[in-house]
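Student: return a 3D structure for these sequence lines:
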Amino acid sequence: MPAQQWRRQTGHGLTHTIRILGIDPGSRVTGYGVIDVRGRDISYVASGCIRTATRSHIERLDVIGQGIRDVLDRYAPHEAAVERVFVSKNADSALKLGQARAAAICRILDFIRYDTIFEYTPRAIKQAAVGYGAADKVQIQHMIKHLLQLRGDLSSDAADALAVAVCHANSRNLSNRLVRAVDNAR
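Tutor: Predicted coordinates for the structure are as follows:
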C-alpha cells in the first residue's frame, strides 16, 4: 500500500501514521521489522530475515543491500532505526558486522533522508522492549510478540529488528511529548 494512502490528518493538529523500519544487522542473517506508529499506538506491519548463508563476504553485503531494497520498496517506511554495532572480543566479527550494518544503511539512504535514520545501542533496545537492558533473546521474542499481539513463530532476528523499531517509536513518542509540554508551558 502506498504511504500516501494510510497517512491521515485529524482536527487536533497533525496526527498521522509513521511507518518505521527496524534493522538488526548481521553478516549471515539480517533481521527487519516494520511497524506503524500513530500517536502512542504501535501496530505490526511485517518482519523477516535476509539470509546470506553460504556466500562470500562481499556477496553477503550485496544480498543484504538487495534485501533491504526489497523491504523498502514493499513497505515504504518514513523512518529507519538500526542497532549499533556491539564491539566483541573478535575484531574480525565486529568488522564484518559493521560492514553488514553499513550495507543496510547505505541502501536505506537511497530511499529516505539521512536525518530520518536513527541508531540505538543494544542495551537501549532491550530496555525499551523488555524493561531490562541485559535481556536475552528469548525475553525479547516474548515481549515483542506480546506488545505487537503476534501469534505463532517469530525468529529471534526478526524479533530483535522489531525491538529496534519499537525502541525508536518509544523514543520519538517521548520526544513529541516533551515538545508538547514545552509548547504548553509557554
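Student: mind checking the backbone torsions on the residue nearest the centre of the chain?
Tutor: Taking C-alpha atoms, centre = their mean, the centroid of the chain lies closest to residue 22, which sits 1.0 Å from it. Phi and psi for residue 22, reported as degrees, to the nearest 10, are phi -110, psi 140.
Student: my read is that it contacts residue 33, right?
Tutor: Yes. Judged on C-beta atoms under 8 Å, residue 22 makes contact with residue 33 at a distance of 4.3 Å. Every C-beta, even on glycine, is put in place using the N, C-alpha and C of the backbone.
Student: what about residue 79, distance to residue 127?
Tutor: Going from residue 79 to residue 127 by C-beta to C-beta, to the nearest Å gives 20 Å.
Student: neighbour-wise, which of the two wins?
Tutor: Of the pair residue 79 and residue 127, residue 79 is the one with more neighbours under other C-beta atoms under 10 Å, namely 21 against 18.
Student: what's the burial count for residue 86?
Tutor: Counted with other C-beta under 10 Å, the neighbours of residue 86 add up to 11.
Student: next one: residue 111
Tutor: Residues near residue 111, counting by other C-beta under 10 Å, number 16.
Student: could you shift the numbering so residue one becomes 298, and keep it that way?
Tutor: Sounds good: first residue 298 from here, last item residue 408.
Student: that one in helix, strand or coil?
Tutor: Here residue 408 is recorded as coil under DSSP: H, G, I helix; E, B strand; the rest coil.
Student: shaky segments in this structure?
Tutor: Applying pLDDT under 70 to the chain flags residues 298-312, 384-385, 470-483.
Student: now do the strands in it.
Tutor: Taking DSSP state E to define them, one finds strands in the chain at 315-321, 326-335, 338-348, 376-380, 414-417.
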